[in-house]
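Colleague: what would the 3D arrangement of this be:
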Amino acid sequence: MAPYNIDQQINTGSFVPTTSVWDVSQLYEVDVNSDEFKELLVRLYQNINNIALVLNTKSTGYYINQEFVSGKVFFNPVSNDPLLLRPGFIKTVNTGALGAGVTAINHNIGVTSTFHWMFISGAATDTVTVVGYPIPFASAAGNNIEVSVTATQVLINNNSGVTFTDSQITLEYCKF
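Modeller: Okay, the predicted model is just below:
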């Protein structure tokens with residue numbers, strides 16, 4: 001995969017400066033063959049490029065049940081080049097009702113040997129009592145909810161003592 005050519009110092013935080021003000025009346029007076037006009041085109045191109053860089057590195061807030069490019073980028077563990085970053089992907093899996101014990105749900109992600117899980121998290125809700133728990137969940141009494149992911153499934157082990165009517169797990173991952 002080609003490296004993302006991002007200047008990490010300039011684009012930290014995916015910020016687009018808003019101080020570029022263009023006087024439109026000057027555009028009517030500029031000779032299109034002049035150096036001034038060429039400089040204008042270069043500055044316009046640079047501004048559009050900065051907007052594209054920021055939009056491409058923005059973390060997207062879609063949590064849908066299909067693979068989606070998140071906009072996050074991660075370091076590459078097989079390269080010392082800080083610009084050779086890996087794109088992040090996200091998928092939310094509806095894991096449904098959780099009774100006591102293990103629930104296994106297929107995630108339908110094409111996992112390969114160059115695949116890395118980056119974040120695994122979720123929540124479970126009992127819609128009758130309106131009680132919600134984060135997943136994973138750890139209690140001092142050992143009434144935990146554990147989550148793990150295999151190449152094909154999301155596995156949730158519910159030892160919380162609560163039966164949940166609804167749950168979702170969000171998976172973030174890299175492939176390279």
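Colleague: all strands of this structure, in order?
Modeller: Using DSSP state E, the strands assigned to the chain run over residues 68-74, 86-94, 101-106, 115-126, 131-135, 145-149, 153-158, 166-175.
Colleague: how about a markdown table for these, with distance to Leu41 added?
Modeller: (C-beta placed from N, C-alpha, C; glycine too.) Putting the strands of the chain into a markdown table (distance: least, Cβ to Cβ, whole Å) gives the following:
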| stretch | distance to Leu41 |
| --- | --- |
| strand 68-74 | 29 |
| strand 86-94 | 31 |
| strand 101-106 | 52 |
| strand 115-126 | 40 |
| strand 131-135 | 52 |
| strand 145-149 | 49 |
| strand 153-158 | 51 |
| strand 166-175 | 37 |
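Colleague: just give the number of residues close to Leu85.
Modeller: 22 (other Cβ atoms under 10 Å).
Colleague: was I right about it contacting Pro77?
Modeller: No - judged on Cβ atoms under 8 Å, Leu85 makes no contact with Pro77 at a distance of 11.3 Å.
Colleague: in TSV, list the strands of the chain along with mean neighbour count and mean pLDDT.
Modeller: Below are those laid out as TSV (neighbours: other Cβ atoms under 10 Å; pLDDT from 0 to 100):
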stretch	mean neighbour count	mean pLDDT
strand 68-74	17	85
strand 86-94	19	93
strand 101-106	13	97
strand 115-126	16	94
strand 131-135	16	94
strand 145-149	18	96
strand 153-158	20	97
strand 166-175	20	95
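Colleague: how does this structure divide into domains?
Modeller: 1-58, 68-175 (automatic domain parsing).
Colleague: could you find the closest non-adjacent residue to Pro77?
Modeller: His116 (7.9 Å; Cβ to Cβ, 6 or more residues apart in numbering).
Colleague: contacts only, for the one you found.
Modeller: Contact partners of His116, counting by Cβ atoms under 8 Å, 6 or more residues apart in numbering, are Phe74, Pro77, Tyr173, Cys174, Lys175.
Colleague: check Ser167 too.
Modeller: Going by Cβ under 8 Å, 6+ apart, Ser167 touches Asn94, Thr95, Gly96, Ala97, Leu98, Gly122, Ala123, Ala124, Thr125, Ile135, Ile156.
Colleague: the same query, at a cut-off of 6 Å, please.
Modeller: Contact analysis of Ser167 by Cβ atoms under 6 Å, 6 or more residues apart in numbering lists Thr95, Leu98, Ala124.
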